[in-house]
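# The sequence and its predicted three-dimensional model are supplied below.
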Amino acid sequence: MTHISGETTVGPGSILDMLSGQGSVLRYKKGQPLFSQGDPADAVLFLKAGKIKIIIASDQGKEAVIATQDPGVFVGERCLIGQQQRFASAVAMTDCEIIKVEREAMARLLQENRCLSRTFVAHLLNRIVRVEDDLVDLMFNSSEKRLARALLLLANFGDEGQTEAVIAKVSQETLAEMIGTTRSRVNFFMNKFRKLGFIDYNDHLKIRASLMNVVLQEPQHIKLDED
């Protein structure tokens with residue numbers, strides 16, 4: 001459980017209980033869109049299992065990955081403030097299972113269930129903090145640091161004592177979109193991280209806690225020839 005202003009919020013399991021019978025359970029395969037930019041914004045989704053990425057496209061067709069989401073989060077909540085169309089696309093990065101709750105039903109649940117309402121507010125605050133952190137990262141950090149941070153976030157690093165984590169292999173194109181650089185730069189840094197023993201990748205991507213050194217230290221403290 002987490003707390004906000006001294007009040008208890010609940011975890012994903014309890015949220016599932018609260019949403020039980022209120023929406024539809026849907027399953028998506030890896031690479032399948034949950035919704036696309038411009039679709040009607042008519043429901044809130046709760047990610048029960050899997051990982052998704054949020055993609056936004058410009059009028060010129062240029063795309064960028066603006067976020068990735070893990071189980072236990074809400075997606076598409078802008079519909080609750082009257083947004084009529086999805087402002088971005090949500091695509092499954094792995095096989096996913098979601099609960100889809102129609103806009104009117106979700107609004108009613110938030111009004112009637114105080115615990116769910118507090119938990120939903122906590123979700124929104126965490127989302128705001130993550131967006132602010134991402135913006136600072138993009139404005140002030142090198143592409144090397146941004147890539148290291150993105151990999152650590154994908155691996156959900158932060159648990160005390162955690163030394164390594166294994167995640168599904170993410171394409172270098174997706175990583176480039178996430179951190180705002182080119183695929184060639186991502187390829188160079190991924191090879192560098194692997195030579196330094198920070199990561200390993202074959203069928204899966206193994207992230208080691210030592211990768212945090214790239215985020216915490218200045219680039220010149222970690223040197224490796226480009227050849």
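On my side now, so go ahead.

# Poorly predicted segments of the protein, please.
Applying pLDDT under 70 to the chain picks out residues 1-8, 158-161, 218-227.

# Show me the residue at the heart of it, geometrically.
Taking C-alpha atoms, centre = their mean, the centroid of the chain lies closest to Thr68, which sits 2.2 Å from it.

# check contacts around that one.
For Thr68, the contact set (C-beta atoms under 8 Å, 6 or more residues apart in numbering) comprises Lys51, Ile52, Lys53, Ile54, Met93, Leu153, Leu154, Met178. The C-beta positions use only the backbone N, C-alpha and C, and glycine is treated the same way.

# Just put the residues you listed in CSV and tack on secondary structure.
Formatted as CSV, the contacts of Thr68 follow (DSSP: H, G, I helix; E, B strand; the rest coil):
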residue, secondary structure
Lys51, coil
Ile52, strand
Lys53, strand
Ile54, strand
Met93, coil
Leu153, helix
Leu154, helix
Met178, helix
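
# now the strands: where do they sit in the chain?
3-4, 7-8, 24-28, 33-35, 43-49, 52-57, 63-69, 74-75, 89-92, 96-102, 164-168, 199-201, 204-208 (DSSP state E).

# Among those, which comes closest to Thr174?
strand 63-69 (5.9 Å; C-beta to C-beta).

# Buried residues of that closest one, list them for me.
Val65, Ala67, Thr68, Gln69 (16 or more other C-beta atoms under 10 Å).

# What angle do strand 63-69 and the longest helix along the chain make with each other?
Longest helix of the chain, by residue count under DSSP state H: helix 114-140. Here the directions of helix 114-140 and strand 63-69 differ by 140 degrees (axes from the mean of the first three to the mean of the last three C-alpha atoms, to 10 degrees).

# starting at the chain centroid, how far to helix 114-140?
Its chain's C-alpha centre and that of helix 114-140 lie 11 Å apart, by C-alpha atoms, centre = their mean, to the nearest Å.

# Could I get the buried residue list for stretch 165-172?
Buried residues in stretch 165-172 (16+ other C-beta under 10 Å): Ala165, Ile167, Val170, Gln172.

# Residues touching that stretch, excluding its own?
51, 93-94, 154-157, 183, 186-187, 190, 201, 203-207.

# how about 10 Å then?
Stretch 165-172 is contacted from outside by 30, 50-51, 53, 65, 68, 93-95, 147, 150-152, 154-157, 159, 177-178, 182-187, 189-190, 200-209, using C-beta atoms under 10 Å, 6 or more residues apart in numbering.

# Dump the strands of the chain into TSV; add distance to Ile81 as well.
Listed next are these as TSV, based on distance: least, C-beta to C-beta, whole Å:
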stretch	distance to Ile81
strand 3-4	20
strand 7-8	23
strand 24-28	22
strand 33-35	17
strand 43-49	11
strand 52-57	17
strand 63-69	18
strand 74-75	13
strand 89-92	18
strand 96-102	15
strand 164-168	33
strand 199-201	40
strand 204-208	36
